[in-house]
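**Q** Have a look at this prediction, sequence included:
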Protein chains: 2
Amino acid sequence: MSRAVFDTAEYDRRLDRTKARLREENLDAIVVADPANMNYLTGYDGWSFYVHQAVIVTADRDEPIWVGREMDADGARATTILSADSIQSYSDDHVHSPYDLHPMDYVAGVLDELDVGDGRIGLEMDAYYFTAKSYTRLQENLPKAEFSDATLLVNWVRVKKSEQELAYMREAARISENAMRAGIDAIEEGVPEYEAAAAIYDALITGTDEFGGDYPSIVPLMPSGDHTGTPHLTWTDRPFEDGDPVIIELSGCRHRYHSPLARTTFVGDPPAELERTADIVTEGIEAALAAAEPGVTCEAVEKAWRETIAQYDIEKEDRIGYSMGLGYPPDWGEHTASIRPGDETVLEEDMTFHMIPGIWTEEIGMETSETFRVTSSGAETLADFPRQLFTA
Amino acid sequence: MSRAVFDTAEYDRRLDRTKARLREENLDAIVVADPANMNYLTGYDGWSFYVHQAVIVTADRDEPIWVGREMDADGARATTILSADSIQSYSDDHVHSPYDLHPMDYVAGVLDELDVGDGRIGLEMDAYYFTAKSYTRLQENLPKAEFSDATLLVNWVRVKKSEQELAYMREAARISENAMRAGIDAIEEGVPEYEAAAAIYDALITGTDEFGGDYPSIVPLMPSGDHTGTPHLTWTDRPFEDGDPVIIELSGCRHRYHSPLARTTFVGDPPAELERTADIVTEGIEAALAAAEPGVTCEAVEKAWRETIAQYDIEKEDRIGYSMGLGYPPDWGEHTASIRPGDETVLEEDMTFHMIPGIWTEEIGMETSETFRVTSSGAETLADFPRQLFTA
């Protein structure tokens, strides 16, 4: 009994679009190793990406094939829409093997059985979990194959969201609001950072009164004090101190769909400079959101931000956002369109982005973010949370 | 001001052992991409492994070199023991780049500057996050280099733990005990799975009265009901039902060191068969723990388990444990020694393993696990938690 979270028609549409891309690239097959892409094409959901696994799509076959560890095949049966003969698994002696066995040896065998072992095969060369060894083992096993880099092929298919995907992202946004409130409430002078992290986690997993939360692809990040310029450090035992700025970045997650949100809070009375910076960030993000609509490029959206903050003599030329939605650790980003100078991706309705601009001075950092959907005529933010500097 | 969690002498010892291995393998350098190995050699700790990064160790240089994203260089300064000129970073246009730039282009440049660009370079070919593209870009940039697979070189250096590492693992064990208690207490008929997950997370991060918890490398796993045979599915909105067996596998984490623990609980009155199975699992794990001591092989430890359960006509030939400690998502395992048939690794004092045997019948699954240290004469379990079937 499958617990897949989309109906079969939606998976069919995803597969059709992927096959169309295979034809455009003149590929006979693609080996999909990115867990988010594997989920997208089949529904597969499990914490099994610490071993090699893949979904294979061929130009001809009706269904994708899931290939993974024997112990995870039941999980594939439980979570995917695939029929029994589309789930194939390798024995446990392939895992961290002392016998010179590698899961990709088995994957190569499946490609051979599918009659594409000597064909043109797309590989996600730069996807998480598709290691250098995965590549060389496929090469060794399939000397007649012609491999081609298809790293973002499925990611680009994911870029416009369906109604059901958007429904999950809106649920994730409800969770993000609750978790942000919990984090802001927990942070005060003398409270150790981990207690704020625990409060955020509790809200992320408890979710709302109607539904629970899934684990997010990135842990809650809370750079604080001197460390607001080090965005990816995680919490410690240090107590928050009077005078600490704290940037909270988190995301609720629902059926692996995210809706990230960032806000900045300050322990004690914020300096006037930080309040002024907060106002500039708010004005800038609102200008960028106002610029987003179908037909506009990603770089034009960034420009609206940059020109707004330039009025206050602040110069900053960075990526301020990226396309996102479905994800597994270590990232909820899709690695496709970025809101940054030089990215000429044209916005289309139902694309979704996390816009996270910030301003750092020598002493302090300030960030405010929104996850938004491109509508028919503008941008709709998924969360409803005040855009301001908070204080504790 | 570094917040590195080991003293410099300990990092020096780790580096010396790694360099000795380089000499044995006749390598001029190794490019370390596994986040756990990067942490081990430098102290680096941040949720930045969603972009490419590496630590380079050469046979000659006194310090390793950290190479990462510009935005993470401050994090490297904050968490490592490295001096300023051992931290090198690439610009943000290398990240998910539309400009055909790749972080490994920059890494290749660093290798060149270190005068090893035409040398023998070890690569962690099968490490998480070292993608196929990372490899081909290094090849393209360094056509004169001779690359060699050094996948587990540093992992094997990590296998025996220092006093300080063991102290962190014991702290992690205290957290595991609290989280397991919280999970068992939370599970009852009608409670949704996510509420139990939230209770576990709260305990994992809140830690103990003396210290907080870090995020574990694997989320709490709670296969339940019909799904105890699908070990890697994560929680859902489903309420626990009378008659559900629930396997809880979790780990506290302290400065990235883990001490995993698994127990099984049952919602309602457990069937006699499950109680009998629980007794067999307990007898089996105790026999395996009794067999572990310096000089004994991993496969001999597994055999003690297998022969014990064979007395009850249960046949099962699986990996029942693995070396572990330091880790980042997606895994806390070291991928070195496994407690399974055929693994002839000889136990030495201060190796640490997670032993997680289980028995599944058609209807039910039962697991009990312990993290243990090999002592001078036996095995010491790090957590103190009853080995029994629990009921809710």
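**A** Structure's in. What do you need?
**Q** Name the surrounding residues that touch stretch A:81-90.
**A** A:2, A:4, A:8, A:11, A:42-43, A:63-70, A:72-73, A:76-77, A:80, A:103, A:106, A:110 (CB atoms under 8 Å, 6 or more residues apart in numbering or on different chains). Backbone N, C-alpha and C define where each C-beta goes, glycine included.
**Q** and chain B, which of those contact it?
**A** A:Asp72 (CB under 8 Å from any CB of the partner chain).
**Q** of the contacts of stretch A:81-90, buried ones?
**A** By neighbour count, with 16 or more other CB atoms under 10 Å in any protein chain shown, the contacts of stretch A:81-90 hold A:4, A:11, A:42-43, A:63-69, A:72-73, A:76-77, A:80, A:103, A:106, A:110 as buried.
**Q** Next, work out how far apart A:Met52 and B:Gly333 are.
**A** No Met there; residue A:52 is His. According to CB to CB, to the nearest Å, A:His52 and B:Gly333 sit 14 Å apart.
**Q** List the residues that contact the residue nearest to the spatial centre of chain A.
**A** Nearest to the geometric centre of chain A sits A:Trp332, at 1.4 Å (CA atoms, centre = their mean). Applying CB under 8 Å, 6+ apart, we find A:Trp332 in contact with A:216-218, A:251, A:253, A:258, A:260, A:324-326, A:354.
**Q** can you give me the offset of stretch A:265-272 from its chain's centre?
**A** 31 Å (CA atoms, centre = their mean, to the nearest Å).
**Q** next one: stretch A:225-244
**A** Taking mean C-alpha positions (CA atoms, centre = their mean), stretch A:225-244 and its chain are 24 Å apart.
**Q** and the closest residue to chain B within the stretch 201-350 of chain A, what pLDDT?
**A** Chain B sits closest to A:Gly212 of the stretch 201-350 of chain A, with a gap of 2.7 Å, by CB to the nearest CB. pLDDT, A:Gly212: 97.
**Q** Next: A:Thr361.
**A** For A:Thr361, the model assigns a pLDDT of 72.
**Q** Let me know the distance separating it from chain B.
**A** 14 Å (CB to the nearest CB, to the nearest Å).
**Q** now the end-to-end length of stretch A:360-369.
**A** 15 Å (CA to CA, to the nearest Å).
**Q** and it, how far out from the chain's middle?
**A** 23 Å.
**Q** now stretch A:192-200
**A** 23 Å.
**Q** what about the residue of the stretch 201-350 of chain A closest to chain B, which helix or strand?
**A** Using DSSP states H and E, A:Gly212 is not contained in any helix or strand.
**Q** same thing with A:Met366?
**A** strand A:365-367.
**Q** so what secondary structure elements neighbour the following helix or strand past that strand?
**A** Next helix or strand after strand A:365-367 toward the C-terminus (DSSP H and E): strand A:370-374. If you count contacts as 3 or more CB pairs under 8 Å, 6 or more residues apart in numbering or on different chains; DSSP states H and E, strand A:370-374 packs onto helix A:163-186, strand A:257-266, helix A:272-291, strand A:352-355, strand A:379-381.
**Q** tell me the mean pLDDT over strand A:370-374?
**A** 98.
**Q** any residues touching the helix or strand of chain A with the lowest mean pLDDT, and which ones?
**A** Lowest by mean pLDDT, DSSP states H and E among the helices and strands of chain A is strand A:358-360, with a mean of 86. For strand A:358-360, the surrounding residues in contact (CB under 8 Å, 6+ apart) are A:228-229, A:247, A:277, A:280-281, A:309, A:314, A:316, A:365-368.
**Q** Wait, A:Gly325 touches A:Tyr257, no?
**A** Yes: look at A:Gly325 against A:Tyr257 with CB atoms under 8 Å: they come within range, at 5.6 Å.
**Q** so what sits against both of these two?
**A** With CB under 8 Å, 6+ apart as the test, A:Gly325 and A:Tyr257 both reach A:165, A:169.
**Q** Each with direction, which strands does the least confident helix or strand of chain A pair with?
**A** Strand A:358-360 sits in its sheet next to strand A:365-367 (antiparallel), going by DSSP bridges.
**Q** so who does A:Gly122 touch?
**A** A:Gly122 neighbours (CB under 8 Å, 6+ apart): A:22, A:25, A:27, A:29-31, A:147-150, A:153.
**Q** Need phi/psi at it.
**A** phi -80, psi 140 (degrees, to the nearest 10).
**Q** Please determine how far the closest residue to it other than its chain neighbours is located from B:Ala199.
**A** Counting by CB to CB, 6 or more residues apart in numbering or on different chains, A:Gly122 lies nearest to A:Ala150, which is 2.9 Å off, once chain neighbours are set aside. Distance, A:Ala150 to B:Ala199, by CB to CB: 42 Å.
**Q** One more: A:Ile56?
**A** In terms of CB to CB, A:Ile56 sits 39 Å off from B:Ala199.
**Q** Around chain B, pick out the residues from the stretch 51-200 of chain A.
**A** Going by CB under 8 Å from any CB, the residues of the stretch 51-200 of chain A near chain B are A:71-72, A:74-75, A:78-79, A:92-93, A:95-96, A:98-99, A:102, A:123, A:125-136, A:149, A:151, A:192-195, A:197-198.
**Q** Just those residues: which are in helices?
**A** A:71-72, A:74-75, A:78-79, A:132-136, A:193-195, A:197-198 (DSSP state H).
**Q** With respect to B:Val159, which of those residues is nearest?
**A** A:Lys133 (20.7 Å; CB to CB).
**Q** wait, what's in contact with the nearest residue to the closest one once chain neighbours are set aside?
**A** The shortest distance from A:Lys133 to any non-neighbouring residue, by CB to CB, 6+ apart, is to B:Asp126 (3.7 Å). By CB under 8 Å, 6+ apart, B:Asp126 lies in contact with A:102, A:131-134, B:149, B:151.
**Q** Make CSV out of these and add neighbour count.
**A** CSV is the format used below for the contacts of B:Asp126 (neighbours: other CB atoms under 10 Å in any protein chain shown):
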residue, neighbour count
A:His102, 23
A:Thr131, 27
A:Ala132, 26
A:Lys133, 22
A:Ser134, 26
B:Asp149, 15
B:Thr151, 18
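**Q** Mind putting these into a markdown table with pLDDT?
**A** Listed next are the contacts of B:Asp126 as a markdown table, based on pLDDT from 0 to 100:
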| residue | pLDDT |
| --- | --- |
| A:His102 | 97 |
| A:Thr131 | 98 |
| A:Ala132 | 98 |
| A:Lys133 | 98 |
| A:Ser134 | 98 |
| B:Asp149 | 97 |
| B:Thr151 | 97 |
